[in-house]
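Asks: Provided below are the primary sequence and the corresponding predicted coordinates.
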Number of protein chains: 2
Amino acid sequence: MTAQTNPSRTADIDTIVERLQDMLSDDLTATEALLIARAKSPVDVIPDLSGYIVSAGGKRLRPMITLAAAHACGGANAGTHALATAVEFIHTATLLHDDVVDDSDLRRGKKAAKNVWGNNASILVGDFLFARAFTLMVETGSLEILRILSDASSVIAEGEVHQLAAASRTDLPTEEYLAIIEAKTAALFEAAAEAGALSAGPQGEQYAAALASYGKNLGLAFQIIDDALDYGGTTSVIGKAVGDDFREGKTTLPVIIARRRGSSEDQDFWDRALDPEQQAEGDLAHAIYLIRSTGAAEATLVEAKAYAELAKAALRTLPDSQWTKALSGLADFCVSRAH
Amino acid sequence: MTAQTNPSRTADIDTIVERLQDMLSDDLTATEALLIARAKSPVDVIPDLSGYIVSAGGKRLRPMITLAAAHACGGANAGTHALATAVEFIHTATLLHDDVVDDSDLRRGKKAAKNVWGNNASILVGDFLFARAFTLMVETGSLEILRILSDASSVIAEGEVHQLAAASRTDLPTEEYLAIIEAKTAALFEAAAEAGALSAGPQGEQYAAALASYGKNLGLAFQIIDDALDYGGTTSVIGKAVGDDFREGKTTLPVIIARRRGSSEDQDFWDRALDPEQQAEGDLAHAIYLIRSTGAAEATLVEAKAYAELAKAALRTLPDSQWTKALSGLADFCVSRAH
């Protein structure tokens, strides 16, 4: 545990991600070009809104997973680039719809697209990008890839609806929380890695299941850390907005653990404060205090680390290469975000 | 023109649709079963909401086109049933999103799903059904069918965004109106017919282009009539809600023609009344009066008939059969709805 609070470890981790970006430089250039070219439309709002959210940054984590998975199985090709673009389009479409559903005002540090173009344009441009994702996947020529991503897309929507239905439940069981994040987040990581492997050709088929397992566990680790970061992680982190999930009344792992470990007074606090209509000033600060003082922040991190380790373990069936090392590093990176 | 106001002609037309339903009886039974089976999910809201809108009726016009197109090219099979279900799921997903975008309170004579489950559930269940549509299409085993429907889906979203961007324009050129309805409505009719043909096998490839043309022109006729019906068609029709487009300020063909033919006073009326914020009591009645008195209702019907004739003409390259007759009858049915 001490190693992770060591600044040199953090520097190493940043280097790992930058090295992966360098290793994928040509592939990422091709993908970025497709992200612009395939959002083109005679209806200006579409490329405008799509370009706004796509160029707002984002780490391109999912396309990087697709590309690196393909390389780990023999190499990326034009089909892999189309697939990586499709994966990012599906992710972007879900962000556009999520911002409408959650009524979020900020995305990637900028005004949410819905606050610039309105809810309706965000819904419809999301639909457009989702459809374009499938056109791009047809270009891979693989029905199996289409099956994987269409299945993942319905699972994502299921996860979102499940989360919506569970919104008011502060007594959400851990297992149900995990089922929600496995559907809404990990399913796309899983599909991105599995389909990336398949896009590489025959060798990919051999390792597709291992990479699917890598992607799923990485996605779980990523979302658990994301949920921890909403309460500031284990230390204060600059540049990340805190309290969005809390204000929306989402029951996430840090809350589940803090509530479970808390006094009956603490439980009453959570039951009231996670109802957006009953929130009062100072509630977020108290929530953060409870999450730290009950050890829920650390326990959440431990849970995320367990999934990151499972992700790394899944890579062990693949032949060692710079790509498996980089994918393994990505798992460390996801967890390191909490510090 | 006289034949169409003759009641016996109307009776014939109803018979045509009922006969097509009889001819497709087994196929429609299989499709209805898939519409339920493939909306299943452990997250209850999904089958509940989906079942609510799917069972609210609707004419199943698009699946019927897919199934009849396949029969006209040699026969429908399990792949055709999956495709017909996918087409209806895509249609249902667009209805769910449209009702949120247009803030419509009624759909198929019932409360809109968003008024029962909320906007958020309608957006996300729409996404779910859209994803399931692609899973169903993978089962046809045809990348070409997936290409046609994914392309059509992005065109539909383009049409919806275009309509949104054009919403405040009462001086919308006829050509731009036609481009919008070709995208938002006719593209799915076109894809339903073309893909239906291809699902039948080799003979389908020969006639796919003709059936695509049939579908596109039928879709244009259908939407033009729908837009006329929003002002009561050429006579009062019982059971169809009137004035939805007007209240939303949509510039449709009857309005374009009435405004073009009207006095400058009439034009001022349209410019004010189609701004939802400026509408006053009695405006809808006056709009209907202007559409009738300028002959815009009749002219709209003439335009729809022209497209219905083009649809029927496209069928002439196919060998005559009970199926081409039935598809031709469907074109007459679409136009007859205005009386």
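Replies: Happy to help now that I have it.

Asks: chain center to stretch A:115-134, what's the gap?
Replies: Relative to the centre of its chain, stretch A:115-134 is centred 19 Å away, using C-alpha atoms, centre = their mean, to the nearest Å.

Asks: Flag every buried residue along it.
Replies: When burial is assessed from 16 or more other C-beta atoms under 10 Å in any protein chain shown, stretch A:115-134 yields the following buried residues: A:115, A:117-134. Where you see a C-beta, it was placed from the backbone N, CA and C, and this is true even at glycine.

Asks: Cross-check the residues you listed against chain B and keep the overlap.
Replies: Restricting the buried residues of stretch A:115-134 to those near chain B by C-beta under 8 Å from any C-beta of the partner chain leaves A:Asn119, A:Asn120, A:Ala121, A:Ile123, A:Leu124, A:Val125, A:Asp127, A:Phe128, A:Phe130, A:Ala131, A:Arg132, A:Phe134.

Asks: Widest-spaced pair of those?
Replies: Using C-beta to C-beta, the two most remote members of these are A:Asn119 and A:Phe134, lying 23.6 Å apart.

Asks: Relative to B:Ala195, how far out is the residue lying closest to A:Val138 once chain neighbours are set aside?
Replies: Take A:Val138 and drop its neighbours on the chain: the residue closest to it by C-beta to C-beta, 6 or more residues apart in numbering or on different chains is B:Arg147, 4.6 Å away. Relative to B:Ala195, B:Arg147 is positioned 9 Å away (C-beta to C-beta, to the nearest Å).

Asks: Low-confidence regions, chain A specifically.
Replies: Across chain A, the ranges flagged by pLDDT under 70 are A:1-11, A:107-108, A:234-241, A:339.

Asks: how about the most centrally placed residue in it, what does it touch?
Replies: The central residue of chain A, meaning the one whose C-alpha is nearest the mean C-alpha position (C-alpha atoms, centre = their mean), is A:Thr185 at 5.3 Å. Contacts of A:Thr185 were listed using C-beta atoms under 8 Å, 6 or more residues apart in numbering or on different chains, and they are A:Gly159, A:Gly219, A:Leu220, A:Phe222, A:Gln223, A:Asp226.

Asks: Count the residues that sit near the third one.
Replies: Taking other C-beta atoms under 10 Å in any protein chain shown as the neighbour definition, A:Leu220 ends up with a count of 25.

Asks: what's the answer for the second one, then?
Replies: Counted by other C-beta under 10 Å, the residues lying close to A:Gly219 total 28.

Asks: C-alpha coordinates for stretch A:148-168, CSV please?
Replies: Output for stretch A:148-168, consisting of C-alpha atoms alone and laid out as CSV, is shown next (Å, rounded to 0.1, in the frame of the first residue of the first chain):
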residue,chain,number,x,y,z
ILE,A,148,-20.8,-8.5,-29.3
LEU,A,149,-21.3,-4.7,-29.6
SER,A,150,-25.1,-4.9,-30.1
ASP,A,151,-25.4,-7.2,-27.1
ALA,A,152,-23.2,-4.8,-25.0
SER,A,153,-25.3,-1.8,-26.1
SER,A,154,-28.5,-3.4,-24.9
VAL,A,155,-26.8,-4.4,-21.6
ILE,A,156,-25.6,-0.8,-21.2
ALA,A,157,-29.2,0.5,-21.6
GLU,A,158,-30.4,-2.2,-19.1
GLY,A,159,-27.8,-1.0,-16.6
GLU,A,160,-28.9,2.6,-17.0
VAL,A,161,-32.5,1.7,-16.5
HIS,A,162,-31.6,-0.5,-13.6
GLN,A,163,-29.7,2.4,-12.0
LEU,A,164,-32.7,4.7,-12.6
ALA,A,165,-35.0,2.2,-10.9
ALA,A,166,-32.6,1.8,-8.0
ALA,A,167,-32.0,5.5,-7.6
SER,A,168,-34.0,6.0,-4.4
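
Asks: Distance check, whatever residue of the stretch 201-339 of chain A ends up closest to chain B against A:Asp275.
Replies: Residue nearest to chain B within the stretch 201-339 of chain A (C-beta to the nearest C-beta): A:Glu248, separated by 11.4 Å. Separation of A:Glu248 from A:Asp275 (C-beta to C-beta) stands at 11 Å.
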